[in-house]
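Undergrad: Give me a model of this one.
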Amino acid sequence: MRNRTAAAAAAGLALLVAGCSADRIERGVFHSSKGYRVSLPPNGWAVEPRGDADLELRRLVAPGGILADASCGGKAPRRSLELLARHLVFGLGEREVLEDGAILVAGRTGVRRVVRGRLDGTPVTVEAVVLKEGHCVYDFLYVAPVDAFEAGRADFRTFVESFSGEAR
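TA: This is a model prediction of the structure:
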């Protein structure tokens, strides 16, 4: 009985600690357990549950998606911003870089790249933003079919510009 009580107490404590550091959305702001936050676009986007990234959004009216993800530790923070930005578009075939340059977001220098290509046979345009600070890399990605890309681009830029965080 004593071991069972200790195990239950440990499990409860683990859930409490996990709950305190879990990702959450409050009043339209996504708070990552990795120490950053971004504001959700105001209308027309839905959170995609159980995605691989920290946060994935899907446009409701026209096709398109946004994601935000952070990687802290490991090899990623030691890689160049250019290499990290290229990694975000590895799944695209027939790539054509439309825009490429530096960006400043929340005092962090990053890389912004817009690429047109094919994803699973569909022509798409992708805007990727990569930021680094300390031992963390922050990735932001917007993907939409070529003809729907511009319709969601302002939302993506506002989303990225809302970034705030501390490297953990």
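
Undergrad: What residues are bridge-paired with Ser164?
TA: Arg37 (DSSP bridges).

Undergrad: for it, what are its contacts?
TA: Tyr36, Arg37, Val38, Ala106 (CB atoms under 8 Å, 6 or more residues apart in numbering). To be clear about C-beta, it is placed using only N, CA and C from the backbone, and glycine gets the same treatment.

Undergrad: a markdown table for the residues you listed, including pLDDT?
TA: As requested, these are exported to a markdown table (pLDDT from 0 to 100):
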| residue | pLDDT |
| --- | --- |
| Tyr36 | 94 |
| Arg37 | 95 |
| Val38 | 96 |
| Ala106 | 90 |
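
Undergrad: Report the buried members of these.
TA: Tyr36, Arg37, Val38 (16 or more other CB atoms under 10 Å).

Undergrad: Distance of the closest residue to the first one other than its chain neighbours relative to Arg118?
TA: This points to Tyr36. Distances taken as CB to CB, 6 or more residues apart in numbering put Gly165 closest to Tyr36, at 2.8 Å, once the chain neighbours are dropped. From Gly165 across to Arg118, the span is 33 Å (CB to CB, to the nearest Å).

Undergrad: the more surrounded of the two?
TA: Gly165 (19 against 14; other CB atoms under 10 Å).

Undergrad: And the pLDDT at that one?
TA: Model confidence at Gly165, given as pLDDT, is 81.

Undergrad: Could I get the contacting residues of it?
TA: Gly165 neighbours (CB under 8 Å, 6+ apart): Ser32, Lys34, Gly35, Tyr36, Arg37, Ala70, Ala106, Glu133, Cys136, Tyr138.

Undergrad: Tell me the secondary structure at the second one.
TA: The three-state assignment at Lys34 reads coil, by DSSP: H, G, I helix; E, B strand; the rest coil.

Undergrad: So for stretch 159-167, what gets flagged as buried?
TA: Counting neighbours by 16+ other CB under 10 Å, stretch 159-167 gives Phe159, Val160, Ser162, Phe163, Gly165, Ala167 as buried.

Undergrad: Among these, which one lies nearest to Val129?
TA: Of all the buried residues of stretch 159-167, Val160 has the smallest distance to Val129: 5.2 Å, by CB to CB.

Undergrad: host element of the closest one?
TA: helix 149-161 (DSSP states H and E).

Undergrad: same for that helix, what does it pack against?
TA: strand 36-39, strand 65-72, strand 122-133, strand 136-145 (3 or more CB pairs under 8 Å, 6 or more residues apart in numbering; DSSP states H and E).
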